[in-house]
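S.K.: Predicted model and sequence follow; I will ask about them next.
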Amino acid sequence: GRKQVYRRAGADGTFAMDLLTLESAPADGEPLIAPVMRGGERVAPAESLDVIRDRFREQLQHLPPGVKLLKDPAPYPVKVSAALETLAEELDRRPH
């Protein structure tokens, strides 16, 4: 099934975690996956490199400090939703 990733932030705006879930099971946070193509056609004009660079710089500021370390960085928490785990278990039980 289609997936979505939701990014959750703390009260101070620092990213706290990402949650991978089914598109049909919305969760709290900012959705990160947006369609860029449908039927082989772009759904919106391509963004300029300046826009992409500015978004990267802005997002980088919100990562927890430990994640940005070059030596022994802290892991960034990414969790899988119960809905997606249930789907995976159902598929694993199906005969191949």
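M.R.: Yep, that arrived. Numbers count the residues shown, from 1 in each chain.

S.K.: Just the strands from this structure, written as ranges.
M.R.: Remark: strands assigned in the chain by DSSP state E are 3-9, 15-22, 30-31, 37-38, 41-42, 78-80.

S.K.: Pick the most buried one from those strands.
M.R.: Comparing the strands of the chain by mean neighbour count (mean count of other CB atoms under 10 Å), strand 15-22 comes out on top with a mean of 18. Where C-beta positions appear, they are placed from N, C-alpha and C, glycine not excepted.

S.K.: nearest residue to the residue most central in space within the chain other than its sequence neighbours?
M.R.: Nearest to the geometric centre of the chain sits V5, at 3.5 Å (CA atoms, centre = their mean). Leaving aside its sequence neighbours, V5 sits nearest to L32 (CB to CB, 6 or more residues apart in numbering; 4.4 Å).

S.K.: Please verify my assumption that the one you found contacts R8.
M.R.: No. Using CB atoms under 8 Å, L32 is not in contact with R8, being 11.0 Å away.

S.K.: related to what we said a few turns ago, of all the strands of the chain, which lies closest to R57?
M.R.: strand 15-22 (14.4 Å; CB to CB).

S.K.: Could you name the helices and strands sitting against the closest one?
M.R.: strand 3-9, strand 78-80, helix 82-93 (3 or more CB pairs under 8 Å, 6 or more residues apart in numbering; DSSP states H and E).

S.K.: just to revisit the earlier point, where do the contact lists of L32 and R8 overlap?
M.R.: Taking CB atoms under 8 Å, 6 or more residues apart in numbering as the contact rule, L32 and R8 both touch D18.

S.K.: Could you check how many residues crowd around V51?
M.R.: 10 (other CB atoms under 10 Å).

S.K.: What's the separation between it and D18?
M.R.: Here V51 is placed at a distance of 22 Å from D18 (CB to CB, to the nearest Å).
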